[in-house]
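K.L.:
predicted model and sequence follow; I will ask about them next.
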Amino acid sequence: MEFNSTLANEYEKGIRRTLPSYDTMLRLTKTFYQSALQENASFLVVGSGSGNEILQLAEQRPQWSFVGIDPSEAMLEIAENRLHSLPNEISLLQGTMLTASIPATKFDAASCILVLHFIDTYEEKLATLKGIANHLKSGAPFVLVSKYGQLDSSETELQFDLWRAYWLQHTKLSTSELASMEQSIRSLSFMREDDIVTLLQQAGFTQPSRFFATTLFGGWICYKE
């Protein structure tokens, strides 16, 4: 999925329909970091998007600094406009974890929120998470949020039933439009929770624990070894 200018501008509305507890997830993420970090901390935000995550984390933490990475130029432009007035030190880089010119430093914390399911292969997912781990200090907190589940399993199909009903009740989309959207979602790279936990451990993270789940999404907290 390419986040061009049209999709980037629709993101704010769409993400809160696709993930109804999106803002709650961000608040829980902030709580985790605030409980684990000092007043001065540096963040690597992989998939910084339109800046929502940085806005949430920067609130009441003017000494926290951020390096955000996103492959979408349109999303980065939106983020730049939204974040420029913050007192925090913020750098936004275009690219992915595997292509961006990330500063050669060790960060105090990192996140990869709503990114992993856009990466097709297990090998590239693992390389992405290993790249994040390599840029973190020992013991640094990390948050991963992604679509998860096993397509065609009874559990995941029941979650799709709920997802479909939610969109039909709360939007004006037709059944055919919704079917097209569902097809796009099913083309993303879903993983079972056990596989995500294994992936985190292989990448160099310890104590993975699920802190969040809503329909097709899950979130895990953990620490750099």
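P.N.:
Structure received. Numbering: from 1, shown residues only.

K.L.:
how far off centre is stretch 188-195?
P.N.:
Chain-centre distance of stretch 188-195: 15 Å, with Cα atoms, centre = their mean, to the nearest Å.

K.L.:
err, stretch 189-204, not the other one
P.N.:
So, by Cα atoms, centre = their mean, the centroid of stretch 189-204 is 15 Å from its chain's centroid.

K.L.:
which parts of it are buried?
P.N.:
190, 191, 196, 197, 199, 200, 203, 204 (16 or more other Cβ atoms under 10 Å). From N, CA and C alone the C-beta is placed, and that goes for glycine too.

K.L.:
what residues are up against the last one?
P.N.:
Neighbouring residues of residue 204 by Cβ atoms under 8 Å, 6 or more residues apart in numbering: 129, 130, 133, 134, 224, 225.

K.L.:
now the fifth one
P.N.:
Residues counted as contacts of residue 199 (Cβ under 8 Å, 6+ apart) are 122, 125, 126, 129, 191.

K.L.:
what about residue 40, neighbour count?
P.N.:
Residue 40 has 10 neighbouring residues, counting by other Cβ atoms under 10 Å.

K.L.:
once you drop chain neighbours, what's closest to it?
P.N.:
residue 63 (4.7 Å; Cβ to Cβ, 6 or more residues apart in numbering).

K.L.:
and residue 131, that one's in a helix?
P.N.:
Yes: per DSSP: H, G, I helix; E, B strand; the rest coil, residue 131 lies within a helix segment.

K.L.:
okay, now it: neighbour count?
P.N.:
With other Cβ under 10 Å as criterion, residue 131 counts 18.

K.L.:
and the residue nearest to residue 40, that one's in a strand?
P.N.:
No: counting by three-state DSSP, residue 63 is not found in a strand; it is coil.

K.L.:
keep only those of the contacts of residue 199 that are in helices.
P.N.:
122, 125, 126, 129 (DSSP state H).

K.L.:
now those residues: which count as buried?
P.N.:
125, 126, 129.

K.L.:
and of these, the nearest to residue 185?
P.N.:
Ranked by distance to residue 185 (Cβ to Cβ), those are led by residue 125 at 17.7 Å.

K.L.:
wait, what's in contact with the closest one?
P.N.:
Residue 125 sits next to 116, 119, 189, 191, 199 when contact means Cβ under 8 Å, 6+ apart.

K.L.:
let's have these in JSON lines, adding distance to residue 90.
P.N.:
Converted to JSON lines, the contacts of residue 125 look like this (distance: Cβ to Cβ, whole Å):
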{"residue": "116", "distance to residue 90": "23"}
{"residue": "119", "distance to residue 90": "25"}
{"residue": "189", "distance to residue 90": "29"}
{"residue": "191", "distance to residue 90": "31"}
{"residue": "199", "distance to residue 90": "29"}
